[in-house]
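Asker: Have a look at this fold, sequence not included:
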Ligand code: GLU
């Protein structure tokens, strides 16, 4: 069997939408599953739509996601160049072949001519299509004599090259996801395959490259399905065996109809891009999964399930498990609804599974930024490790550490008014002063021992645990939530605990 070769072929027209990364991922998974190659090809023949920084963005997004190409633009390989703007001579040669064989023709219709035709048809309630019905009456090599064509070419008159769709043929196409699709070629138009600037259009460049790069499977978004008949006809025209095709379902909005857009992300407060992107024209920055604190493995896991299922109940996968489980036959035909809550849940599962040391590496930069402290020294690092051990179960994103553990690094300056209203009563100051004296004399300063001594004192004074411990928690953390209170007390240290009690008594009494 031929080894599998797949490609991701983005056009650098802006940041990659998560749908683009999902396409790359499915290609990657198939390649890895069968020991094949995953290739990155940059499709930049449409120079008008080129956006600076987009190619770098694509590469960085793939690298961050962990779906690294084996070959392609920036990755080497012997079938390059892998950027279409560097392959112009290749395309010209194949366009010439089709011209010589009468399978394509020169067309001299100007954009103005075509616009007028479109308007004329529109007035009659019809749609103008450049096809087998009209091509013989238009300004092209099918209606002009060879001498006239030569004269035009010699004089430098601008032209495009159009593919001559064979008429009246029934095409039976096979899509690995959608099955058989039958179409009559008379429904198709004679697409431009080379533009007046001498550059090929997407269609020609795409199939020439897939052929020359020996691509075995084309896995791409559903929006390319209407182009499939043309692509198959181009393969036939060249006498090449086409690759197999799989068109992926759309990613739909969380609610309502239509595909997931940039605006849905802004509205719902979730990113639709892998990495943040600053528009070079407007300066506007759109957030990315990386910047929101998603782990690459969670991001990939979430994307994998948008349109594919393993055929069983599993939902959490490492990349290796995905490679193992992946299969084109379990890709759905219908659109995949994006669920921001599910994305978050998957992130939580992956974050919770991180080994201690790795989780620490994620939270350290957050804490360093918030506190302005250097936390990598042995002592501070150990302190952070203990803090993390106490709150780790509550974290979904690295940045959550601050919500749950800021008081381990900064004494509260204010107290949550709701908590105070609920738990700080008129007798609290007196009680807390009494507790302060108990704490001042506890030795050794260790959670179990503190608990025992404080417990005994509460019982002796017949005070009730909540009445004493809740105000203590407010004094130490500023709020009513947090990890085990006695462990917190131990970790903060006696001096700090007494200081915080004094401050709360002064502020709240
Ligand atoms: N350049 C096309 C895109 O941007 C690639 C389509 C294909 O994979 O054939 O989506």
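Answerer: Perfect, thanks for sending it. What you are looking at is a predicted structure, and each value in this text was computed from that prediction instead of being measured. Numbers count the residues shown, from 1 in each chain.
Asker: For the chain, what lies in contact range of the ligand?
Answerer: 9, 10, 11, 43, 206, 218, 220, 224 (CB under 6 Å from any ligand atom). From N, CA and C alone the C-beta is placed, and that goes for glycine too.
Asker: Widest-spaced pair of those residues?
Answerer: 11 and 218 (15.2 Å; CB to CB).
Asker: Specify which residue of these two has the higher count of neighbours.
Answerer: Neighbour count, other CB atoms under 10 Å: between residue 11 and residue 218, residue 218 has more, with 22 against 18.
Asker: and the helix or strand containing that one, average pLDDT?
Answerer: In this structure, residue 218 sits in strand 217-221 according to DSSP states H and E. Mean pLDDT, strand 217-221: 98.
Asker: Run the chain-centre distance for it.
Answerer: 17 Å (CA atoms, centre = their mean, to the nearest Å).
Asker: now swap in stretch 191-207 and tell me
Answerer: 29 Å.
Asker: buried residues in it?
Answerer: The neighbour-count check on stretch 191-207 (16 or more other CB atoms under 10 Å) flags 191-195, 199-207 as buried.
Asker: picking that back up, contacts for the strand holding residue 218 next, please.
Answerer: 4-7, 9, 19-20, 23, 26-27, 30, 176, 210, 243-248, 250, 328 (CB atoms under 8 Å, 6 or more residues apart in numbering).
Asker: And for stretch 114-123?
Answerer: By CB under 8 Å, 6+ apart, stretch 114-123 touches 127, 128, 130.
Asker: same deal with stretch 86-101?
Answerer: Against stretch 86-101 from outside (CB under 8 Å, 6+ apart): 81, 104-106, 161, 163, 193-194, 198-200, 204-205, 208-209, 212, 237-238.
Asker: What mean pLDDT does that stretch get?
Answerer: On average, stretch 86-101 scores 97.
Asker: With stretch 64-79 instead?
Answerer: On average, stretch 64-79 scores 97.
Asker: From here on, call the first residue 743.
Answerer: Noted, 743 is the first residue going forward, which turns the last one into stretch 806-821.
Asker: Do me a favour and get the end-to-end distance for that stretch?
Answerer: One end of stretch 806-821 sits 25 Å from the other (CA to CA, to the nearest Å).
Asker: now stretch 983-992
Answerer: 28 Å.
Asker: Mind listing what's buried along it?
Answerer: Per 16+ other CB under 10 Å, stretch 983-992 contains these buried residues: 984, 985, 987, 988, 989, 990, 991, 992.
Asker: Just the residues you listed: which are in helices?
Answerer: Among the buried residues of stretch 983-992, no residue falls in helices (DSSP state H).
Asker: got any ranges where the stretch 893-1042 of the chain has weak pLDDT?
Answerer: Under the criterion pLDDT under 70, no range of the stretch 893-1042 of the chain is flagged.
Asker: residues making contact with stretch 794-803?
Answerer: 752, 754-758, 763, 782, 784, 786, 815-816, 825, 1016-1017, 1019, 1022.
Asker: Recalculate using a threshold of 10 Å.
Answerer: For stretch 794-803, the surrounding residues in contact (CB atoms under 10 Å, 6 or more residues apart in numbering) are 750, 752-758, 760, 762-763, 766, 782, 784, 786, 793, 809-811, 814-817, 825, 1015-1023, 1030-1032, 1041.
Asker: Residue of the stretch 1093-1242 of the chain closest to the ligand, please.
Answerer: Nearest residue of the stretch 1093-1242 of the chain to the ligand: residue 1139, at 30.7 Å (CB to the nearest ligand atom).
Asker: SS state for that residue?
Answerer: Here residue 1139 is coil, with the state taken from DSSP: H, G, I helix; E, B strand; the rest coil.
Asker: who are the neighbours in contact with it?
Answerer: Per CB under 10 Å, 6+ apart, neighbours of residue 1139: 1034-1037, 1040, 1086, 1089-1090, 1093, 1104-1105, 1108, 1145.
Asker: at 8 Å instead, please
Answerer: 1034, 1035, 1036, 1089, 1093.
Asker: out of those residues, which is most surrounded?
Answerer: residue 1036 (25 neighbours).
Asker: ok, how many other residues are close to residue 966?
Answerer: Using other CB under 10 Å as the criterion, the residues surrounding residue 966 number 16.
Asker: Is it in contact with residue 989, as I believe?
Answerer: Yes: shown here, residue 966 and residue 989 form a contact pair, counting by CB atoms under 8 Å, at 6.4 Å.
Asker: Quick check: end-to-end length of stretch 771-790?
Answerer: First-to-last residue span, stretch 771-790, CA to CA: 33 Å.
Asker: Now do the buried residues in it.
Answerer: 771-775, 778-788.
Asker: now stretch 1044-1055
Answerer: 1044, 1045, 1046, 1047, 1048, 1049, 1050, 1051, 1052.
Asker: Residue 1242 falls within a strand, correct?
Answerer: No: counting by three-state DSSP, residue 1242 is not part of a strand but helix.
Asker: Can you name the residue of the stretch 893-1042 of the chain nearest to the ligand?
Answerer: residue 962 (3.5 Å).
Asker: For that residue, name its beta-bridge partners.
Answerer: On the basis of DSSP bridges, residue 962 is bridged to residue 989.
Asker: In JSON lines, list the buried residues of stretch 983-992 along with distance to residue 1200.
Answerer: JSON lines is the format used below for the buried residues of stretch 983-992 (distance: CB to CB, whole Å):
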{"residue": "984", "distance to residue 1200": "80"}
{"residue": "985", "distance to residue 1200": "75"}
{"residue": "987", "distance to residue 1200": "73"}
{"residue": "988", "distance to residue 1200": "67"}
{"residue": "989", "distance to residue 1200": "68"}
{"residue": "990", "distance to residue 1200": "63"}
{"residue": "991", "distance to residue 1200": "61"}
{"residue": "992", "distance to residue 1200": "61"}
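Asker: For the closest residue to the ligand within the stretch 793-942 of the chain, list the residues it contacts.
Answerer: For the stretch 793-942 of the chain, the residue closest to the ligand is residue 826, as judged by CB to the nearest ligand atom, at 8.8 Å. Contact partners of residue 826, counting by CB under 8 Å, 6+ apart, are 783, 784, 785, 786, 787, 942, 947, 951.
Asker: redo that, cut-off 6 Å
Answerer: Going by CB atoms under 6 Å, 6 or more residues apart in numbering, residue 826 touches 785, 786, 787, 947.
Asker: quick one: the strands in the stretch 993-1142 of the chain?
Answerer: Ranges of strands in the stretch 993-1142 of the chain, per DSSP state E, counting those that start in this stretch, are 993-994, 1019-1020, 1027-1028, 1078-1079.
Asker: now what about the second one, what contacts it?
Answerer: It refers to strand 1019-1020. So strand 1019-1020 is in contact with 757, 1027, 1028, going by CB under 6 Å, 6+ apart.
Asker: Kindly recompute the last result at 10 Å.
Answerer: 756-758, 793, 795-796, 799, 803, 1004, 1013, 1026-1030, 1033.
Asker: Then the first one?
Answerer: Strand 993-994 is touched from outside by 759-761, 764, 963-964, 1000-1003, 1006, 1014, 1045, 1048-1049, 1076-1081, with contacts defined as CB under 10 Å, 6+ apart.
Asker: among these, which ones are buried?
Answerer: Counted by 16+ other CB under 10 Å, these give 759-761, 764, 963-964, 1001-1002, 1006, 1014, 1045, 1048-1049, 1077-1081 as buried.
Asker: Now go through those and say which are in helices.
Answerer: Reading helices off the buried ones among the contacts of strand 993-994 with DSSP H, I get 760, 761, 764, 1006, 1045.
Asker: Quick check: phi and psi at residue 904.
Answerer: Phi and psi for residue 904, reported as degrees, to the nearest 10, are phi -110, psi 150.
Asker: residues contacting it?
Answerer: Contacts of residue 904 (CB under 10 Å, 6+ apart): 840, 846-849, 851, 872, 877, 880, 882-884, 931-936, 943.
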